[in-house]
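K.L.:
model this:
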Amino acid sequence: MSYPLLETINDPQDLRKLQVAELNTLAAELRRFIIAIVATKEGHLGASLGVVELTLALHYAFNTPDDQLIWDVGHQAYGHKIITGRRDIFETNRQLGGLSGFPKREESVYDAFGTGHSSTSISAALGMAIAAKIQGNTRRQHIAVIGDASIASGMAFEALNHAGDSDANLLVILNDNAIGIDPSVGALKNYLTNVKTGSQRQENIFEALNFKYFGPVDGHDIDKLLEIIKTLKKIKGPKFLHVITTKGKGLKQAEKEQVLYHAPGKFDAATGELNPKSTTPQPPKYQDVFGLTLVELTKKNEKIVGITPAMPTGSSLKYMMQEFPERAFDVGIAEQHAVTLAAGIAAAGGVAFCAIYSTFLQRAYDQLIHDVALQKLPVIFCVDRAGLVGADGATHHGVFDLAYLRCIPNLILFAPRNEESLRNIMYTAQLGLEQPIAIRYPRGRGTTIDWKTSFQELQIGKAEKLTEGDKIAVLVTGSLTETALQLAEVYPEAIAVYYFGFVKPLDLEALQEVFSNYSTIITLEDGVVSGGFGSAIAEEAIRQSYTGKLELLGIPDRFIEQGTTEELKTSVGLDFESLKAQLASYLTLI
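P.N.:
Here you go, the predicted model:
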């Protein structure tokens, strides 16, 4: 495929040499380029297609990188990356050793601020604007591009509140397409809809916050965008530009099915049709085990309420929302609110299941401690995407949860090893715990095709000895249990596998047995070693005066970048072959 104009753009300075009339041709080429690469390499599609014209207009009108441009979240930044010197290596996007799927400061001077989670752009841009003023730079422009779903977050409102009371040279651009990953929700979304239709112009919320408001403007009309940006550049203080775009613009299927084409996997670049999926029966995704199991439980327990912060599809709470719409809530990108809302439901006698990604639960840490655990409210946290998640990279790996949850008093922490144990802990939790529980499970598929087994109540804090062996005890938690069992098959006489589903409370009786019978112990987890499951075992080993060898295996003390999950496991020594070699070396020493 030919991109004659795009291939001349190696830097925004090249872009600014074009005539305005050429920008629409360039936009068409850039859109085709994004579609062609993502069709074969996968990635986030719809958001970047929706801001092609806006991307070109911003880099054309502003003197980036001196003027600092921040893309909120980063799903929408592919066009930005391509025209800022990364076109020829864009095919490495989200791959091991390649480009990050999100803006990253180490990657380019044009990436003014790293973004992976939402709603950070206004705060960061305001901070940059304040610093520039203190340093005497009054010419620099600071631009934050934030989506309509992201601006509903509490952090974005906090930043708007501060910025509106300042004289910062700040431009906030609202990319309004009525959808984040799932459709946008809430009163602000309804307000923005009314603004777009012209039925809400009496009072403007952004003007009330002391921003100079402009728009709405068609985000696909480059001439209009350049005209209004020219005006905005002359105005001092906080400014707000409301831009209307279509997510997936330029690919019919992506415009029609915006949720599916947010990150569609591989597809035909010419037709937009998704590649056919395998018809071979496969185990379910853990998120679907959660979502469908929750529906089963909700049918029998009228107290159950489901909550998710903006991820009904990703978490599969969508199944409960379809069958029990009055008892399942998408609260938008508002993790703090989601956690304390669940606490309120639990305080009133409800059974609150809060479905949230591991990396997003970090954003509600204070609420988790203060509003839930301190009060011993029995909220059931279903922590999705635990462990390594693959191509989304360092901002999204769920490798910290075991460490950051384990230190919280009153909190039960459980890591199921398969679909059956996930179902059983969900069943057990809704029977009536007297304290909160966090159930953390990985991205991707489980291990069992016929997974809908009958429910069994679990004994809280009980470990399981899965294999016999008299040389080495492998203590494992979570989904790596299957890998541990495969290792035990290689050394059936030597390796004993103990599955600790409950990382907290630990089964002290089982540990006493292990410490008494094994001179070599290995712990295995898909979280950070520092402070995680292995650390818990080591702490108990010290208390029980264990004198044998204890080796902790898990994620090392560094941020893990993007790649396939298999590649990343190999890079940190958690793949089967690496672990087998480790065990072989330990066995030679016994």
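K.L.:
what sits against Thr467?
P.N.:
Going by CB atoms under 8 Å, 6 or more residues apart in numbering, Thr467 touches Leu485, Ala488, Pro492, Ile495, Ala496, Val497. (C-beta placed from N, C-alpha, C; glycine too.)
K.L.:
What are the boundaries of the helices in the stretch 401-550 of the chain?
P.N.:
With helices called from DSSP state H, counting those that start in this stretch, the stretch 401-550 of the chain shows them at 401-406, 419-430, 481-490, 508-517, 533-543.
K.L.:
How about the stretch 1-150 of the chain?
P.N.:
Along the stretch 1-150 of the chain, counting by DSSP H, counting those that start in this stretch, helices occupy 12-15, 23-41, 46-50, 52-61, 78-81, 121-134.
K.L.:
Which other helices and strands does the longest one contact?
P.N.:
Helices and strands in packing contact with helix 23-41 are listed as helix 46-50, helix 52-61, helix 78-81, helix 222-233; criterion 3 or more CB pairs under 8 Å, 6 or more residues apart in numbering; DSSP states H and E.
K.L.:
6 Å - rerun?
P.N.:
Where contact means 3 or more CB pairs under 6 Å, 6 or more residues apart in numbering; DSSP states H and E, helix 23-41 is packed against helix 52-61.
K.L.:
What of the fourth one?
P.N.:
Using 3+ CB pairs under 6 Å, 6+ apart as the contact definition, the elements that helix 52-61 packs against are helix 12-15, helix 23-41, helix 78-81, helix 222-233.
K.L.:
Let me have those helices in JSON lines, adding distance to Ser121 and mean pLDDT as columns.
P.N.:
Converted to JSON lines, those look like this (distance: least, CB to CB, whole Å; pLDDT from 0 to 100):
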{"stretch": "helix 12-15", "distance to Ser121": "19", "mean pLDDT": "97"}
{"stretch": "helix 23-41", "distance to Ser121": "21", "mean pLDDT": "95"}
{"stretch": "helix 78-81", "distance to Ser121": "13", "mean pLDDT": "96"}
{"stretch": "helix 222-233", "distance to Ser121": "17", "mean pLDDT": "96"}
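K.L.:
possible to save the helices of the stretch 401-550 of the chain as JSON lines with mean pLDDT, mean neighbour count and distance to Glu468?
P.N.:
Listed next are the helices of the stretch 401-550 of the chain as JSON lines, based on pLDDT from 0 to 100; neighbours: other CB atoms under 10 Å; distance: least, CB to CB, whole Å:
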{"stretch": "helix 401-406", "mean pLDDT": "98", "mean neighbour count": "24", "distance to Glu468": "27"}
{"stretch": "helix 419-430", "mean pLDDT": "98", "mean neighbour count": "22", "distance to Glu468": "21"}
{"stretch": "helix 481-490", "mean pLDDT": "96", "mean neighbour count": "18", "distance to Glu468": "9"}
{"stretch": "helix 508-517", "mean pLDDT": "97", "mean neighbour count": "16", "distance to Glu468": "11"}
{"stretch": "helix 533-543", "mean pLDDT": "98", "mean neighbour count": "19", "distance to Glu468": "20"}
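K.L.:
quick one, phi/psi of Val295?
P.N.:
Backbone torsions of Val295, given as degrees, to the nearest 10, read phi -60, psi -40.
K.L.:
Now for it: which residues touch it?
P.N.:
The contact partners of Val295, by CB atoms under 6 Å, 6 or more residues apart in numbering, come to Tyr319, Met320, Glu323.
K.L.:
Find me the pLDDT at the last one, would you?
P.N.:
The confidence metric pLDDT takes the value 97 at Glu323.
K.L.:
okay if I get the helices of the stretch 1-150 of the chain as a markdown table plus distance to His370 and mean neighbour count?
P.N.:
A markdown table is the format used below for those (distance: least, CB to CB, whole Å; neighbours: other CB atoms under 10 Å):
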| stretch | distance to His370 | mean neighbour count |
| --- | --- | --- |
| helix 12-15 | 45 | 16 |
| helix 23-41 | 41 | 20 |
| helix 46-50 | 34 | 28 |
| helix 52-61 | 40 | 24 |
| helix 78-81 | 38 | 27 |
| helix 121-134 | 22 | 20 |
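K.L.:
So for Ile228, which of these sits nearest?
P.N.:
Of all the helices of the stretch 1-150 of the chain, helix 52-61 sits nearest to Ile228, with 9.3 Å by CB to CB.
K.L.:
Quick one: mean pLDDT for that closest one?
P.N.:
The pLDDT scores in helix 52-61 average 98.
K.L.:
what angle do it and helix 222-233 make?
P.N.:
Counting by axes from the mean of the first three to the mean of the last three CA atoms, to 10 degrees, helix 52-61 lies at 50 degrees to helix 222-233.
K.L.:
With just CA atoms, put helix 52-61 into PDB.
P.N.:
Extracted C-alpha coordinates of helix 52-61, given in PDB (Å, rounded to 0.1, in the frame of the first residue of the first chain):
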ATOM      1  CA  VAL A  52      -6.500  11.600  13.000                       C
ATOM      2  CA  GLU A  53      -7.600  15.100  12.000                       C
ATOM      3  CA  LEU A  54      -7.300  16.400  15.500                       C
ATOM      4  CA  THR A  55      -3.700  14.900  15.700                       C
ATOM      5  CA  LEU A  56      -2.600  16.600  12.500                       C
ATOM      6  CA  ALA A  57      -4.200  19.900  13.400                       C
ATOM      7  CA  LEU A  58      -2.500  20.100  16.800                       C
ATOM      8  CA  HIS A  59       0.900  19.300  15.500                       C
ATOM      9  CA  TYR A  60       0.400  21.600  12.600                       C
ATOM     10  CA  ALA A  61      -0.800  24.600  14.700                       C
END
